[in-house]
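A.B. asks: Sequence and computational prediction follow.
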Amino acid sequence: MRATLENFALAKAKSALKLEIFFGQEKLGELQVGRGSLFWRGAHRSNFKRIHWQKFSDMMNGLAYGKVH
């Protein structure tokens, strides 16, 4: 993983933690973490996909714990 931190407090608009995610030598994608949401761009993709925190939480809980009925 390679990380870039711009504006550590993330207090200003357009500030984000930027992570490049790798598996071995293969780049899986980029993750930008901001105050209101996060953005994901998969490898070989040109656009970022915005994911709001609630959606991200639901996705992670589903992956970690399975679907809750």
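C.D. replies: Thanks, I have the structure now.

A.B. asks: List the residues that contact the residue positioned nearest the centre of the chain.
C.D. replies: When CA atoms, centre = their mean is applied to the chain, the residue found nearest the centroid is residue 31 (3.4 Å). Residue 31 makes contact with 18-19, 21, 38-40 under the criterion CB atoms under 8 Å, 6 or more residues apart in numbering. Every residue, glycine included, has its C-beta placed from N, CA and C.

A.B. asks: So among those, where is pLDDT lowest?
C.D. replies: The lowest pLDDT within these belongs to residue 18, with 87.

A.B. asks: Tell me what it is bridged to.
C.D. replies: Beta-bridge pairing for residue 18 (DSSP bridges): residue 4, residue 32.

A.B. asks: For residue 59, see how far away the closest residue to residue 42 other than its chain neighbours is.
C.D. replies: Distances taken as CB to CB, 6 or more residues apart in numbering place residue 29 nearest to residue 42, at 4.4 Å, with adjacent residues excluded. Distance of residue 29 to residue 59, given as CB to CB, to the nearest Å: 15 Å.
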